[in-house]
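J.: heads up, no residue letters with this:
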């Protein structure tokens, strides 16, 4: 799905879509149609990257945040993290290859996200590979938190970044 949405973003000027941040260099994942639909937004708390407000529309049968809403926030966070870290490289296409999710606790209320590279490869090595237009595989670990700062979910998204 993310690859499809990135394909839409590639036509940003031709189709009146604008998925890019104000400086027009880094994609803003909160502007992608699905992420807008469910209300993913930037966190006002600088400790976190993105968030979802409490919304009855994505509660499950138990009255807690639906697993699909948590997954969507985690996936968007992993993409957001990649664009923050490597967005200065033009003409790259990140694609999720696989994900692994571990739910820790049911969530109620707002949920927040953090991310980091889940790899021992240092950023400079990755930047060199991207500069030489080589395919890069990057695991991004995402943690979701509830309003009490308790971890509710951990996920690893394996991204492949392809030269366009």
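T.: Thanks, I have the structure now. Bear in mind that the values here come from a model prediction, so they are computed numbers and not experimental data. Numbering: from 1, shown residues only.

J.: just checking, residue 145 touches residue 115?
T.: No: the criterion here is Cβ atoms under 8 Å, and residue 145 misses it with residue 115 at 11.9 Å. C-betas here are computed from N, CA, C, even on glycine.

J.: could I get the phi/psi values of residue 36?
T.: Backbone torsions for residue 36, taken as degrees, to the nearest 10, come to phi -70, psi -40.

J.: quick check: the closest residue to it other than its chain neighbours vs residue 51, distance?
T.: Among residues not flanking residue 36 along the chain, residue 30 sits closest, at 6.9 Å (Cβ to Cβ, 6 or more residues apart in numbering). Distance of residue 30 to residue 51, computed by Cβ to Cβ, to the nearest Å: 10 Å.

J.: quick check: neighbours shared by these two?
T.: Shared contacts of residue 30 and residue 51, defined by Cβ atoms under 8 Å, 6 or more residues apart in numbering, are found at 40, 41, 42.

J.: nearest to residue 78 among those residues?
T.: Nearest to residue 78 out of these is residue 40 (Cβ to Cβ; 12.2 Å).

J.: where does the protein dip in pLDDT?
T.: Across the chain, the ranges flagged by pLDDT under 70 are 1-26, 89-92, 163-164.
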